[in-house]
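Asks: Provided below are the primary sequence and the corresponding predicted coordinates.
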Amino acid sequence: MNIDFAGIALTRLLRFKRLMDSPVVEVAPPTEQPAPFYTVWRPTGSAPTKRHATRGNAEHEAERIARMYPGFDVFVMVPASRVKAARVDREDFTRIHGADCLCSRCAAYDDGVPF
């Protein structure tokens, strides 16, 4: 039994190229802006996890943390911008059924490799 590895590689390359050439889906921006928030950060501490609704609450928390760690800087911060990743599409080239399966998914991804 001869296996055409070059053909298999070409088939997979073409599938990958088709995936990469597909247009990026434009996502509509949110209609409402997120509410502003404040966070408290100590550079030698852990990452901030709490969002404070008001500057006063954040400053109160910063003072509390500063008393716990005298001599260390504690910052009250407000976000300057937000970044979101675009949607990621995933295409699976593996079979989920046996080699003799004729369902549409297995037939669409049959590359001739018997395993």
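Replies: The structure has been received and is ready for your questions. Residues are numbered from 1 along each chain as shown.
Asks: from here on, just use CA atoms for contacts and neighbour counts.
Replies: Fine.
Asks: mind checking how far the most centrally placed residue in the chain is from Y38?
Replies: Central residue of the chain (Cα atoms, centre = their mean): A85, 6.4 Å from the mean position. Counting by Cα to Cα, to the nearest Å, the gap from A85 to Y38 is 23 Å.
Asks: before we move on, back to that, report the secondary structure state of the residue nearest to the centre of the chain.
Replies: Assigned state for A85: coil (three-state reduction, DSSP: H, G, I helix; E, B strand; the rest coil).
Asks: I'd like the distance between it and V27.
Replies: Here the distance between A85 and V27 works out to 10 Å (Cα to Cα).
Asks: where along this structure do the helices fall?
Replies: Per DSSP state H, the chain has helices spanning 5-21, 55-68, 104-108. These are given in chain order.
Asks: among those, show me which one is buried the most.
Replies: Taking mean count of other Cα atoms under 10 Å as the contact definition, the stretch among the helices of the chain with the greatest mean neighbour count is helix 55-68, which reaches a mean of 16.
Asks: and stretch 60-80, how far from the chain's centre?
Replies: For stretch 60-80, the distance between its averaged C-alpha position and the chain's averaged C-alpha position is 30 Å (Cα atoms, centre = their mean, to the nearest Å).
Asks: show me what it is in contact with.
Replies: Residues from elsewhere that reach stretch 60-80 (Cα atoms under 8 Å, 6 or more residues apart in numbering): P36, F37, Y38, T39, V40, W41, R42, P43, T44, R55, A58, E59.
Asks: only alpha carbons, please: show that stretch as CSV.
Replies: Extracted in CSV, the C-alpha atoms of stretch 60-80 (Å, rounded to 0.1, in the frame of the first residue of the first chain):
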residue,chain,number,x,y,z
HIS,A,60,-9.4,54.3,51.2
GLU,A,61,-8.2,50.8,50.1
ALA,A,62,-4.8,52.2,49.1
GLU,A,63,-4.4,53.8,52.5
ARG,A,64,-5.3,50.5,54.2
ILE,A,65,-2.7,48.6,52.1
ALA,A,66,-0.1,51.3,52.6
ARG,A,67,-0.5,50.9,56.4
MET,A,68,0.1,47.2,56.0
TYR,A,69,3.2,47.7,53.9
PRO,A,70,4.9,50.9,55.2
GLY,A,71,7.5,52.4,52.8
PHE,A,72,6.1,50.8,49.7
ASP,A,73,4.2,52.7,46.9
VAL,A,74,0.5,52.0,46.5
PHE,A,75,-1.2,53.4,43.4
VAL,A,76,-4.8,54.2,42.6
MET,A,77,-5.2,53.7,38.9
VAL,A,78,-7.9,54.3,36.3
PRO,A,79,-7.9,52.4,33.0
ALA,A,80,-6.8,54.5,29.9
